[in-house]
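Novice: 3D model of this:
(chains A and B)
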Amino acid sequence: MFLRRLRGLFSNDLSIDLGTANTLIYARGQGIVLNEPSVVAIRQDRAGGSKSVAAVGEEAKQMLGRTPQNITAIRPLKDGVIADFTVTEKMLQYFIHKVHESRIIRPSPRVLICVPCGSTQVERRAIKESAAGAGAREVYLIEEPMAAAIGAGLPVDEARGSMVLDIGGGTSEVAVISLNGIVYSNSVRIGGDRFDDAIINYVRRNYGTLIGEATAERIKHSIGSAYPGNEVREIEVKGRNLAEGIPRSFTLNSNEILEALQEPLSGITGAVKIALEQTPPELGADVAERGIVLTGGGALLRDIERLIEEETGLPVLVADDPLTCVARGGGRALEMIDERGLDLFATE
Amino acid sequence: MNALPLTDGTDERAPTWDSADGPGRRLRDARQSRGLELARVADQLHLKPTLIAALEQDDYEALPGSVFVTGYLRNYARLLGLDPDPLLTAYRRRQPQAEPPPPKPATVSRRRAGSGHLGARLFSLAVILALLGLSYAWWQDYRPALYPAGERLESASGDLDLRIPAGAPPASSAASLEPPGAAVYEPPSETAPEASPPATAAVAEGLAEAAGEPPAPYVPSGEPATTAPPLAAATALTTEASAPSAGPIPEPVVEAPVAPAEGVVMEFSGPCWVDIRDSERRFKLFGEMKDGDRHVLAGTPPYSVIIGNAAAVRITVDGKPFGLEGIARGNVARFTLDPERLP
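Specialist: Numbering: from 1, shown residues only, chains lettered A, B, ... in the order given. Presented below is the predicted three-dimensional model:
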């Protein structure tokens, strides 16, 4: 215990956004120090032999879908919660170590981790324990929309309602926050991954061609949009034709992708509408006056704010640097807690 | 629904606009050049017209926090088909405190530093170093304390403290009329501070006169002569004068080969470890004694005594031998010694 404390003197406080798609680490006083995909490649040389970690992060993501038999590249988180406990622990250990690369002493930082507001007690405890297993001295949990709102710079401590919609890799969280507390929150298991799946399904259905997740993500990034725009963009992709069994190349345009994304997008707008319905009227009025703030990687999808704006009739704005909002907000929450003794943490 | 036919206006950059002006004018110019009503824009952006007007007048007091302002600016620019980035830069220049660009960390100094704070780390490093230094110093101190040389220093300084109260109340003889200051005098020893001989000499001269006829129960050694040769005469005088002030109270440690002495005297005939403390815990004799050592106990009795080698010590109380037989268990004797209650 004492040793951990001592080692803690040589470690930074970290705020970790343990996301389904990407893990971001914000170190206090240093900003975002790590942004890597939440992917781990595991090597198992013989059947029944011992497993070892082959790669983590960016390197492992390159392997996703391209591995030989003895390596499996897996994403240990699904829908914002831990799907594989030990692998998550290994991944966290690697990331925490990477952040403290130049240190001689093994790091033992205080860690704040963001959890989806819809996660269960068991899921939260799993996250907490895996962080402790990765060497954290103390683990705090904070609900993701709270961290996102703080990171976006919303006035969470005012007696006014602020609505935040955080579209992550695995989940989308919508919450109304007032006076440092969450008044309403809801989480739907729709996020960037579901967008990719929707694109894969669309391409298979309409082109009879199979594409991988990485390709689907690339399509989404380059031509994906949530609202019909004036220009139509195109991209050429290659996939395996199901009928012929041979890789073929074909061209997709942004309207097709828009069509493909309709189903997950309507899930998100539905969640926002339900949230507005459930919000107490005073806070709802505040939200209507100032607007809904979008954070998370999903907010980078082109024109998603226009879609929600049209669906709800409320002003919608995208936060600055939406990808890092949650991690930055977590870091800020750690500071706020030290400064003012606020209790922003989620209970287990 | 999104159909404002405006996005063709890429050539609309007003040449007069300077980013130092703030984004409001640029937006208003662009809106007016498209012939748009404020109310229409407000409707399109789902905002109140007052907010749009505030935005165009760069009146940020009337607007909510900077996250909203940047969002509104971005949406407004998109509506007008402008590039939002120069507008946002202009806004941030006007509101430097509003929001630092996100990639840079907020390195504002915090009132309460956490464990990751540089100051906290330096502080804890300093504390650790100080602790190490202290324990080293303690160890250095502790070792010489085991030897008699160090011990003598300690008991001598113990005397200095002690004799100020000791001289005044219990003295019953005629000498008790002496001013209590007499008790301040300390028989010089090798360890006495250098400054003391002149000072004590001065006191001594005064006292010698005041004391009148000095009864001299015993004369301390000639040692003063060696430490302060020019004052030898004066000190010799005062030792006589101060001697009665001690009266029945045990004399301080005086290393002198004079055999009969009052109080408790311990003579060692071999190596012996002792730990003796007086009732006030001020005087102590602690450490290993050697063959031939002789100590007179100062301080206020009763003493709690622990003797490691009872066979090697001879104790006399007011000249009468005090036997350790029956007290010692094996070699070690632990007992409380009160000279006034002896049979």
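Novice: contacts for the strand or helix carrying B:Arg26?
Specialist: Under the assignment given by DSSP states H and E, the secondary-structure element containing B:Arg26 is helix B:23-33. The list of residues contacting helix B:23-33 from outside it, by C-beta atoms under 8 Å, 6 or more residues apart in numbering or on different chains, reads B:9, B:12, B:14, B:17, B:38, B:41, B:55-59, B:73, B:76-77, B:80, B:82, B:87-88, B:90-91. Where C-beta positions appear, they are placed from N, C-alpha and C, glycine not excepted.
Novice: Just the buried positions in that helix, please.
Specialist: Neighbour counts over helix B:23-33 (16 or more other C-beta atoms under 10 Å in any protein chain shown) mark B:Pro23, B:Gly24, B:Arg25, B:Arg26, B:Leu27, B:Arg28, B:Asp29, B:Ala30, B:Arg31 as buried.
Novice: same deal with stretch B:270-281?
Specialist: Under the neighbour-count criterion of 16+ other C-beta under 10 Å, stretch B:270-281 has B:Cys272, B:Trp273, B:Val274, B:Ile276, B:Arg277, B:Asp278 buried.
Novice: Could you tell me whether B:Leu285 really is in a strand?
Specialist: Yes: with DSSP: H, G, I helix; E, B strand; the rest coil as the criterion, B:Leu285 is assigned to a strand.
Novice: need the contact list for residue 45.
Specialist: Here I'm looking at chain A. A:Asp45 is in contact with A:Asn70, counting by C-beta under 8 Å, 6+ apart.
Novice: my question was about chain B
Specialist: In this structure, B:Leu45 makes contact with A:Pro315, B:Ile52, B:Tyr72, B:Asn75, B:Tyr76, B:Leu79, judged by C-beta under 8 Å, 6+ apart.
Novice: run the last query once more with 6 Å
Specialist: B:Leu45 makes contact with B:Asn75, according to C-beta atoms under 6 Å, 6 or more residues apart in numbering or on different chains.
Novice: tell me the pLDDT at residue 320?
Specialist: As the question left the chain open, I've gone with chain A. The predicted structure scores A:Asp320 at 91 on the pLDDT scale.
Novice: other chain: chain B
Specialist: Here the pLDDT value assigned to B:Lys320 is 78.
Novice: Tell me which residue of the stretch 201-343 of chain B lies closest to chain A.
Specialist: Using C-beta to the nearest C-beta, the single residue of the stretch 201-343 of chain B nearest to chain A is B:Phe286, 33.8 Å away.
Novice: and that residue, what are its bridge partners?
Specialist: Beta-bridge pairing of B:Phe286, defined through DSSP bridges, involves B:Asp275.
Novice: Tell me, how many residues neighbour it?
Specialist: When neighbours are defined as other C-beta atoms under 10 Å in any protein chain shown, B:Phe286 has 17 of them.
Novice: where are the low-confidence patches of the stretch 201-343 of chain B?
Specialist: Regions of the stretch 201-343 of chain B meeting the criterion pLDDT under 70 cover residues B:201-262, B:342-343.
Novice: Longest helix in chain B, by number of residues?
Specialist: Residue-count comparison of every helix in chain B, with assignments taken from DSSP state H, identifies helix B:118-142 as the longest.
Novice: Return the set of buried residues in that one.
Specialist: With burial defined by 16+ other C-beta under 10 Å, the residues of helix B:118-142 counted as buried are B:Arg121, B:Ser124.
Novice: and if you look at stretch B:72-91?
Specialist: For stretch B:72-91, using 16+ other C-beta under 10 Å, the buried residues are B:72-82, B:84, B:87-88, B:90-91.
Novice: Close to chain B: what parts of chain A are there?
Specialist: Applying the criterion C-beta under 6 Å from any C-beta of the partner chain, the portion of chain A that neighbours chain B consists of A:8-9, A:12-13, A:28-31, A:152-155, A:290, A:313-315, A:317, A:320-321, A:338-339.
Novice: and whichever residue of chain A sits closest to chain B, bridged to which residues?
Specialist: With C-beta to the nearest C-beta as the measure, A:Leu317 is the residue of chain A nearest to chain B, at 2.4 Å. Bridge pairing for A:Leu317 (DSSP bridges) gives the partners A:Val293.
Novice: Is it in contact with B:Thr70, as I believe?
Specialist: No: using C-beta atoms under 6 Å, A:Leu317 makes no contact with B:Thr70, being 7.6 Å away.
Novice: what about whichever residue of chain B sits closest to chain A, how many neighbours?
Specialist: Shortest chain B-to-chain A distance, computed as C-beta to the nearest C-beta: residue-wise this is B:Gly71, at 2.4 Å. By the measure other C-beta under 10 Å, the count of residues near B:Gly71 is 25.
Novice: per-residue pLDDT, it?
Specialist: Here the pLDDT value assigned to B:Gly71 is 90.
Novice: for A:Gln62, same thing?
Specialist: In this prediction, A:Gln62 carries a pLDDT score of 90.
Novice: how about the helix or strand that contains it: buried residues?
Specialist: A:Gln62 belongs to helix A:58-63 when assigned by DSSP H and E. Of the residues in helix A:58-63, those with enough neighbours to count as buried (16+ other C-beta under 10 Å) are A:Ala60, A:Lys61, A:Gln62, A:Met63.
Novice: Also stretch B:311-324?
Specialist: Neighbour-count burial for stretch B:311-324 flags B:Ala312, B:Val313, B:Ile315, B:Thr316, B:Val317, B:Asp318, B:Phe322, B:Leu324 (criterion: 16+ other C-beta under 10 Å).
Novice: Quick check: phi and psi on the third one?
Specialist: Right, B:Ile315. Backbone torsions for B:Ile315, taken as degrees, to the nearest 10, come to phi -110, psi 130.
Novice: so it bridges to which residues?
Specialist: B:Ile315 forms beta bridges with B:Met266, B:Phe322, as assigned by DSSP bridges.
Novice: wait, doesn't it sit right on B:Phe268?
Specialist: No: judged on C-beta under 6 Å, B:Ile315 makes no contact with B:Phe268 at a distance of 10.3 Å.
Novice: Can you list the neighbours in contact with stretch A:55-71?
Specialist: Outside of stretch A:55-71, the residues within contact range by C-beta under 6 Å, 6+ apart are A:36-37, A:39-41, A:43-45, A:54, A:73, A:91, A:94, A:212.
Novice: Check stretch B:66-78 too.
Specialist: Under the contact criterion C-beta under 6 Å, 6+ apart, stretch B:66-78 has outside partners A:152-154, A:290, A:317, B:23, B:27, B:45, B:55, B:63, B:84, B:87-88, B:91, B:98-99.
Novice: of all those, which comes closest to A:Gly329?
Specialist: A:Ala152 (7.1 Å; C-beta to C-beta).
Novice: Doesn't A:Leu34 belong to a helix?
Specialist: No: under three-state DSSP, A:Leu34 sits outside any helix and is assigned strand.
Novice: In three-state terms, label A:Val87 for me.
Specialist: helix.
Novice: what sits against the closest residue to it other than its chain neighbours?
Specialist: If the residues on either side of it in the chain are set aside, A:Val87 comes closest to A:Pro76, at 4.0 Å by C-beta to C-beta, 6 or more residues apart in numbering or on different chains. Applying C-beta under 6 Å, 6+ apart, one finds that A:Pro76 lies in contact with A:Val40, A:Ala83, A:Asp84, A:Val87, A:Thr88, A:Met91.
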